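Student: sharing a model prediction with you, sequence too.
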Amino acid sequence: MIRADFDAQPKLQSSLLELRPLRREDLNGLFAAAGRPEVWAGHPAKDRYKRDVFEKYFEFLLETKSTLVVIDRQSDKIIGCSRYYVAPDQPDSMSIGFTFLNHAYWGGGTNFEVKRLMLDHAFQTFSEVWFHIAPTNIRSQKATAKLGAEHVYNATLNLSGTPSEGMCFRLSKEAWNRALKDKEVQRATG
């Protein structure tokens, strides 16, 4: 259960992206972002690019009331989503996950910007944020490490109706602030 003092569906915005609560009418836009096999290549559910499989996943995301769609402000198109959740093994903390982006947005700064917006919001209430990543999802493991998160342990968790093995990464507010400073230095030194 998400704490009452935390808004799990805020509106967050930067010059590049807008994150807002998922709505039922977002199905077609979100499926357009998700409807290719490469989007799910590193995920345990590799068939989510199929419309019938994705629709069940969309219903799950909608029911959580903690999912945010990611919108490219330049094109005004939905390019993915992410969500806040409380993991059963860390009931006093916040987690971020269930993130996917259209493959056209991989390799740039989009994932970092999504996480920056969500982490800045979460760290107003929590001192640490957790990420749970499938052992086969190397892309997400690397991206999470770039945020400053550390792999702490592995666990079998039921995060979406089916227990599965996950790598558990913790990101403290202090480590996040260091990662942001490092990012600023990288930008300044080119």
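Tutor: Received it, and whenever you're ready, just let me know what you need. Not measured: the values here are computed from a predicted model. Numbering: from 1, shown residues only.

Student: helices or strands up against the helix or strand of the chain with the lowest mean pLDDT?
Tutor: When the helices and strands of the chain are scored by mean pLDDT, DSSP states H and E, helix 173-189 comes last with a mean of 88. When contacts are defined as 3 or more C-beta pairs under 8 Å, 6 or more residues apart in numbering; DSSP states H and E, helix 173-189 sits against helix 110-122. To be clear about C-beta, it is placed using only N, CA and C from the backbone, and glycine gets the same treatment.

Student: buried ones in the helix it packs on?
Tutor: 110, 111, 112, 113, 114, 115, 116, 117, 118, 119, 121, 122 (16 or more other C-beta atoms under 10 Å).

Student: in TSV: the residues you listed, plus distance to residue 161.
Tutor: Formatted as TSV, the buried residues of helix 110-122 follow (distance: C-beta to C-beta, whole Å):
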residue	distance to residue 161
110	28
111	25
112	29
113	29
114	24
115	24
116	29
117	27
118	23
119	26
121	26
122	24
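
Student: quick one: which of these is nearest to residue 182?
Tutor: Taking C-beta to C-beta as the measure, residue 112 is the one of the buried residues of helix 110-122 closest to residue 182, at 11.6 Å.

Student: please name the residues that touch residue 5.
Tutor: residue 125 (C-beta atoms under 8 Å, 6 or more residues apart in numbering).

Student: for the least confident helix or strand of the chain, give me every contacting residue.
Tutor: 112, 116, 119, 123, 126-129, 146-150.

Student: can you say which of the residues you listed are buried?
Tutor: Counted by 16+ other C-beta under 10 Å, those give 112, 116, 119, 123, 126, 128, 129, 147, 148, 149 as buried.

Student: contacting residues around the last one?
Tutor: Counting by C-beta under 8 Å, 6+ apart, residue 149 touches 129, 131, 169, 170, 171, 175.

Student: and it, how far from residue 179?
Tutor: Using C-beta to C-beta, to the nearest Å, we find residue 149 at a distance of 9 Å from residue 179.

Student: check the fourth one too.
Tutor: Residue 123 sits 12 Å away from residue 179, going by C-beta to C-beta.

Student: show me where this protein has its strands.
Tutor: Secondary structure of the chain, counting by DSSP state E: strands at 12-13, 17-21, 67-72, 77-85, 94-101, 128-133, 150-157, 164-172.

Student: rebuild those as TSV, extending it with distance to residue 139 and mean pLDDT.
Tutor: Compiled in TSV, these are given as follows (distance: least, C-beta to C-beta, whole Å; pLDDT from 0 to 100):
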stretch	distance to residue 139	mean pLDDT
strand 12-13	23	98
strand 17-21	19	98
strand 67-72	16	98
strand 77-85	13	98
strand 94-101	10	95
strand 128-133	9	96
strand 150-157	15	96
strand 164-172	13	95
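
Student: right, and those - which one's nearest residue 3?
Tutor: Nearest of the strands of the chain (C-beta to C-beta): strand 94-101, 8.2 Å.
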